[in-house]
Structures are given as C-alpha cells and as structure tokens.
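**Student:** The amino acid sequence is not available; the structure is as follows:
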C-alpha cells in the first residue's frame, strides 16, 4: 500500500473518529446535534451507533477494529503481489502459443506447399 492516503481514506477516518466521539459522548452537544441531523438518513451510521451503544467495553472494540484494518491491509498487499505473478505467466503462455502456431504453419507450408 502506498504511503500517500487517498481522499476517501481521510474522509473515512474522519467519519470513524466522529462516530467514536459521538458514541462515547465526548462530542460537544451542538456538534452532536449537527452530526445527528447530517446522518439522519444514513442507515449504516444508525446501525453503527446502535451497535456501539450496546457494547460495554468500547476501547476493546476500537482495538479489534485496528487489528482488523491491519489484517485487511496485509491481505490486500499480498493479493497485489500474486496478481503480478499471474500476469507474467499469461504473457509466457501467449508467447508459447504463438511460437507453436508459427511452427505448425511453417510445417504445413513446407510439407503441403508447392511441390516441384
């Protein structure tokens, strides 16, 4: 994964932080009200808030979230490496097929070609 974060990632991190602040009650009341009105029609936000409010140990969940994100980054990085290897195999197979086709065409041309 590159060191440069794309804007979507920054936005997602801000929303995640906003969610944790809202659920933990550390957000000022006026900002909490603004957040509620902004996220009123977002079913994912509402489900996340309801689920997090039911949990007793919110810090444990935050640690699990960080671990899951690290695992996802690790898995997606390894998948990218595997794809590069597969592309190399396809190029080799295409070259092999083209060479075999050329050999067959040459054989047919010389074997069944114009006889003297």
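**Tutor:** Happy to help now that I have it. Small disclaimer: the values here were computed from a predicted structure and weren't measured. Numbers count the residues shown, from 1 in each chain.
**Student:** Buried residues of whichever strand or helix holds residue 30, list them for me.
**Tutor:** For residue 30, the enclosing helix or strand under DSSP states H and E is helix 29-38. For helix 29-38, burial by neighbour count (16 or more other Cβ atoms under 10 Å) applies to residue 35. In short, each C-beta sits where N, CA and C put it, glycine included.
**Student:** pLDDT on that helix, on average?
**Tutor:** Averaged over helix 29-38, pLDDT sits at 87.
**Student:** same thing with stretch 50-58?
**Tutor:** 79.
**Student:** same thing with stretch 66-85?
**Tutor:** Average pLDDT, stretch 66-85: 75.
**Student:** roughly how far apart are the residue nearest in space to the middle of the chain and residue 104?
**Tutor:** Most central in the chain under Cα atoms, centre = their mean is residue 76, positioned 6.4 Å from the mean C-alpha point. Look at residue 76 and residue 104: by Cβ to Cβ, to the nearest Å, they are 42 Å apart.
**Student:** Let me see the ranges of the helices in the chain.
**Tutor:** Taking DSSP state H, the helices of the chain run over residues 7-24, 29-38, 43-54, 58-112.
**Student:** Which other helices and strands does the third one contact?
**Tutor:** Using 3 or more Cβ pairs under 8 Å, 6 or more residues apart in numbering; DSSP states H and E as the contact criterion, the neighbours of helix 43-54 among helices and strands are helix 7-24.
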